[in-house]
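Peer 1: fold the following and give me the result.
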Amino acid sequence: MKPATQSLRALLVEDLRTAQRRDPAARGLVEIALVYPGVHAVWAHRLTHRMWRSGPLLRLPARLLSQVVRGLTGIEIHPGAVLGRRLFIDHGMGVVIGETSEVGDDVVLFHGATLGGVSMSKGKRHPTIGDRVMIGAGAKVLGPVTVGSDAKVGANAVVVKDVPDGSVAVGVPAKPRRAPLASLDEWVDPAVYI
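Peer 2: Residues are numbered from 1 along each chain as shown. Next comes the predicted model:
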């Protein structure tokens, strides 16, 4: 077996195990592989992103495939977006990740989350998300802002300014606050500030 195939297989299994670890409702890897739209969208993005980076001739097919996946999963990820490892999209319906978005490792996005732009100009116009970030249901992170590592964005928050590492951003417009506990891993519900 080719090393590239082995590494791809390892990456796909890592995605399955991430969903199993993150979702208490997950019953097994086969179930996740068959019915989790967030996993399907991430897998498809791995392909469309590779096509997108291969050059102009494959960009239109990459966009077409990403739109088919959007129709099947309810999750829109532009092929130009850069996604880190172990991204988990829970439920997924209505998630949008724009072209110039950059997403770190071990990020969790809940349904209705948007990593969107506020400008129609060329260049960087979507957010940069650090490692180990959680973005709540319905949250909007808009423009070329940065959400720092270990930060959390509350449900329905609208982020239009940078969020520092380890902060919790809630409200409209979102305001960052420091997490009340020493470890953000222990503190999973930013809605406490709403």
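
Peer 1: what about residue 39, distance to residue 92?
Peer 2: For residue 39, the distance to residue 92 equals 9 Å [Cβ to Cβ, to the nearest Å]. For the C-beta atoms, the positions are set from N, CA and C on the backbone; glycine is no exception.

Peer 1: what do you get for residue 106?
Peer 2: In terms of Cβ to Cβ, residue 106 sits 17 Å off from residue 92.

Peer 1: now residue 146: how far from residue 71?
Peer 2: Taking Cβ to Cβ, one finds residue 146 at 31 Å from residue 71.

Peer 1: which of the two has more neighbours?
Peer 2: residue 146 (18 against 9; other Cβ atoms under 10 Å).

Peer 1: so that one sits against residue 130, correct?
Peer 2: Yes - using Cβ atoms under 8 Å, residue 146 makes contact with residue 130 at a distance of 7.2 Å.

Peer 1: okay, residue 106 and residue 92: which has more neighbours?
Peer 2: Taking other Cβ under 10 Å, residue 106 and residue 92 do not tie; residue 92 has more neighbours (22 against 18).

Peer 1: for the residue nearest to residue 61 when sequence neighbours are not counted, give me its contacts.
Peer 2: In this structure, residue 61 finds its nearest non-sequential neighbour in residue 51, 6.2 Å apart by Cβ to Cβ, 6 or more residues apart in numbering. For residue 51, the contacting residues are 58-59, 61-62, 65, 79, by Cβ atoms under 8 Å, 6 or more residues apart in numbering.

Peer 1: can you redo these as JSON lines with neighbour count?
Peer 2: Listed next are the contacts of residue 51 as JSON lines, based on neighbours: other Cβ atoms under 10 Å:
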{"residue": "58", "neighbour count": "16"}
{"residue": "59", "neighbour count": "16"}
{"residue": "61", "neighbour count": "14"}
{"residue": "62", "neighbour count": "21"}
{"residue": "65", "neighbour count": "17"}
{"residue": "79", "neighbour count": "22"}
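
Peer 1: what segments of this structure are helices?
Peer 2: 3-22, 29-35, 37-53, 59-73 (DSSP state H).
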